[in-house]
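1. Need the 3D shape of this:
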Amino acid sequence: MKFGGIWGGALRARAEGFDRWLGVVLLAALVLLVLGLFLPAIKISSFIFLSRELSLVQSVFKFLEAGDFFIFLVTFVFTIAFPLFKIATGLVLWHAADISGTSAKSVLNGLSVASKWSMLDVFMIALAVLAIDGRVITGADIQAGAIVFSASVLISTWAVRRLSVLAARDDRVESA
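-> Alright, predicted model coming up:
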């Protein structure tokens with residue numbers, strides 16, 4: 001796979017309108033993802049005066065500390081690893097000068113389908129499990145990290161879907 005420089009390769013060349021900004025949109029989604037993972041995402045209040053804020057990364061690793069390895073693994077894969085992989089793959093394919101191989105298109109289609117349901121569902125389940133994990137709590141409030149993370153997920157899901165559409169358009173142009 002050859003690369004087409006900083007502004008993009010074959011997908012960038014086929015893009016029209018707002019799609020020309022997909023590389024920048026993916027970079028913005030990456031920045032939002034990193035911020036969303038490390039900003040406080042949930043504030044758990046116990047009793048009247050005790051409260052603590054947790055980021056998503058802290059929340060995921062709390063499962064490991066508690067010995068809940070399966071829950072840790074599921075939340076780590078779908079909350080941290082998969083979003084990073086999806087955005088990084090989208091950026092690599094955006095910058096590739098030649099995406100004519102079926103493997104690149106298959107990866108884009110697979111990412112597009114998988115990202116529609118995976119991250120937000122598991123993220124919300126993780127927050128719920130963390131909040132009701134046998135602790136005495138009187139409240140749990142969503143913080144900025146959860147909102148920024150959700151924005152990253154939605155933006156990257158849209159951007160990867162648009163890349164998939166551009167790759168399919170590439171097929172139609174070549175066959176004409």
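
2. packing partners for the longest helix seen in the chain?
-> Using DSSP state H to define each element, the chain has its longest helix at helix 144-175. When contacts are defined as 3 or more C-beta pairs under 8 Å, 6 or more residues apart in numbering; DSSP states H and E, helix 144-175 packs onto helix 10-14, helix 22-38, strand 40-46, helix 56-65, helix 82-95, helix 102-115, helix 118-131. Where C-beta positions appear, they are placed from N, C-alpha and C, glycine not excepted.

3. In its sheet, which strands sit next to the third one, and in what direction?
-> Sheet neighbours of strand 40-46, with direction, are listed as strand 50-55 (antiparallel), strand 139-142 (antiparallel) (DSSP bridges).

4. which of those has the lowest average pLDDT?
-> For the strands paired with strand 40-46, mean pLDDT drops lowest on strand 139-142, to a mean of 76.

5. can I get the CA coordinates of that one in PDB?
-> The C-alpha trace of strand 139-142 is given here as PDB (Å, rounded to 0.1, in the frame of the first residue of the first chain):
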ATOM      1  CA  GLY A 139     -26.000   9.100  42.900                       C
ATOM      2  CA  ALA A 140     -24.000   8.900  39.800                       C
ATOM      3  CA  ASP A 141     -23.700  11.800  37.400                       C
ATOM      4  CA  ILE A 142     -22.300  11.800  33.900                       C
END
